[in-house]
Every structure is written in C-alpha cells, then in structure tokens.
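curious how this folds, go ahead:
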Amino acid sequence: VQLQASGGGSVRPGGSLRLSCVASGFALNYYDIGWFRQAPGAARAGVICITKSHTVKYFVDSVKGRFTIARDDGKNTVTLQMNNLKPEDTAVYYCAADCHANEHDIWGQGTQVTVSS
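Numbering: from 1, shown residues only. Predicted coordinates for the structure are as follows:
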C-alpha cells in the first residue's frame with residue numbers, strides 16, 4: 001500500500017511542471033487525495049486537494065488560477081498541473097490519501113520542485 005509521487009524538477013519562474021501521484025496496493029477512488037509541500041525551514045502544509053467526488057479544495061490562495069488538480073481513478077492517479085511557477089513555490093511536494101493527512105495516513109515519498117532564475 002503506497003503512493004508514488006513524481007514529476008518534480010527545476011524550472012525558471014513562469015515555467016510549468018506536472019506532478020503525478022500513483023497509488024498501488026489500494027483503490028484510489030475511496031480516498032480524497034491532497035498535495036502538500038514543505039519549503040526549506042518551514043512546516044509541511046496543504047496546498048490543494050481533490051475529494052472522492054472530484055471537489056477541489058485550495059489551501060493556499062496564491063496557487064488559485066495556477067495549479068490544477070485532477071484524478072483518474074481508472075489509472076489510480078492524481079495529477080497536479082502547476083503553471084506560472086514562482087520562486088515561492090519551491091518545496092518538496094508530497095501527495096497523501098486525505099485532504100488533512102497526518103502521520104497515520106498514506107503518504108508519497110515527496111518530489112522536489114525548484115523554481116529559480
């Protein structure tokens with residue numbers, strides 16, 4: 001039972017990245033899936049979440065209009081499309097099997113996103 005996050009990288013401001021979160025060992029359609037991020041020196045915090053019913057919840061106002069989350073339950077995958085990236089988006093991004101995941105929930109391993117000129 002695990003989540004595998006991938007797709008991070010280094011881009012310049014204004015660039016785009018697409019993160020993927022793939023579930024194995026369990027059916028994704030039973031879970032809300034959240035993306036979280038942890039910037040250097042900061043606590044991990046929620047960014048955006050998609051519920052089982054495909055409702056999208058934003059936890060960071062600054063990503064509205066730039067980040068899009070989608071799920072394909074047939075492929076057991078949630079994607080996070082990040083456009084117009086800014087230096088303040090630099091962080092390790094994690095997916096988890098809950099919108100308000102804690103240490104008892106299923107987490108992906110994290111993927112680094114670096115936005116720098």
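
nearest residue to Ile106 other than its sequence neighbours?
With CB to CB, 6 or more residues apart in numbering as the criterion, Ile106 has its nearest non-adjacent residue at 4.1 Å, and that residue is Ala97. Just so you know, the C-beta spots here come from the backbone N, C-alpha and C atoms, and that holds for glycine as well.

the one you found reaches Gly108, doesn't it?
No - using CB atoms under 8 Å, Ala97 is not in contact with Gly108; the gap is 9.1 Å.

shared neighbours of the two, anything?
Leu3 (CB atoms under 8 Å, 6 or more residues apart in numbering).

hang on, the earlier thing: Cys49 versus the residue nearest to Ile106, what's the distance?
Distance, Ala97 to Cys49, by CB to CB, to the nearest Å: 11 Å.

common neighbours of the two, please.
When contacts are counted by CB under 8 Å, 6+ apart, Ala97 and Cys49 have Asp32, Ile33 as shared neighbours.

and for Val63, the neighbour number?
As a burial measure, Val63 scores 22 neighbours (other CB atoms under 10 Å).

list the contacts for it?
Listed by CB under 8 Å, 6+ apart, the contact partners of Val63 are Val47, Ile48, Met82, Asp89.

can you rerun that using 10 Å?
For Val63, the contacting residues are Trp35, Arg37, Val47, Ile48, Ile69, Leu80, Met82, Asn83, Asn84, Leu85, Lys86, Asp89, by CB atoms under 10 Å, 6 or more residues apart in numbering.

fine by me, we can end here.
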